[in-house]
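Undergrad: Sequence and predicted structure are below.
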Amino acid sequence: MLPFAPSAERNKDAILAGLRPHLARCRRVLEIGSGTGQHAVHMSAALPQLVWQCSELPGTVSGLAARLESEGTARTPPPLALDVAAPPWPLPAADAPDAFDAVFTANTLHIMSFAHVGQFFARIGEVLAPGGLCCVYGPMKYGGAFTTKSNAEFDAQLRARDSLSGIRDFEALDELAQAQGLTLLEDLAMPANNQLLIWRRAGG
């Protein structure tokens with residue numbers, strides 16, 4: 001049986017609607033923390049011009065690889081074993097002809113430590129082509145405040161399990177993005193108290 005995440009099934013259409021106009025001219029997308037691969041299969045089917053490159057932590061790619069083999073296409077190549085906190089990523093450099101013109105991640109930044117969030121943005125600076133997009137989905141805080149009581153409760157659950165995890169401040173993420181030459185294009189409110197943040201890198 002393939003791995004299955006109910007949340008990925010619930011949010012895939014809303015995320016696709018938010019991403020579609022921005023990814024219309026993109027050709028190569030790198031997904032960080034692809035999990036079960038449900039997003040990759042759904043997005044690549046709806047956006048036939050895209051090659052959607054999945055990645056997951058070393059040692060956790062087997063279920064993801066099984067889904068891509070079963071439900072994917074030639075545009076969903078085998079997943080990469082990739083650790084955000086282990087630079088450099090074994091990927092084309094930002095100035096290479098085959099550099100990625102978009103990076104996407106969903107529900108990962110509140111799981112990793114903030115130090116690793118910093119590594120995530122630093123690595124994006126190394127692999128994202130000029131003019132490329134960085135797309136982040138998940139819950140956010142604004143000005144240090146939670147958007148809903150349920151998000152505050154979720155944050156408490158995260159920190160009880162791992163004190164280094166937790167819902168991130170939008171302002172802190174935007175500062176990290178700006179340090180890599182990324183400018184915010186959209187901050188879209190999504191179902192279930194989530195946001196979709198889309199930055200564009202200068203150039204291109």
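TA: The structure has been received and is ready for your questions.

Undergrad: for the chain, what are the low-confidence residue spans?
TA: The chain contains residues with pLDDT under 70 at 204.

Undergrad: Looking at it, which strand is longest?
TA: When the chain is parsed with DSSP state E, its longest strand is strand 128-138.

Undergrad: So which bits of that one are buried?
TA: 128-129, 132-138 (16 or more other CB atoms under 10 Å). Just so you know, the C-beta spots here come from the backbone N, C-alpha and C atoms, and that holds for glycine as well.

Undergrad: Among these, give me the pair with the biggest separation.
TA: The largest distance within the buried residues of strand 128-138, taken as CB to CB, falls between A129 and G138 and amounts to 23.7 Å.

Undergrad: From L196, how far off is C135?
TA: Separation of C135 from L196 (CB to CB, to the nearest Å): 7 Å.

Undergrad: residues shared between the contacts of the two?
TA: Common neighbours of C135 and L196 (criterion: CB atoms under 8 Å, 6 or more residues apart in numbering): L19.

Undergrad: what residue lies at the spatial centre of this protein?
TA: Central residue of the chain (CA atoms, centre = their mean): T105, 0.7 Å from the mean position.

Undergrad: which residues does that one form a beta bridge with?
TA: Under the criterion DSSP bridges, T105 forms beta bridges with I32, V136.
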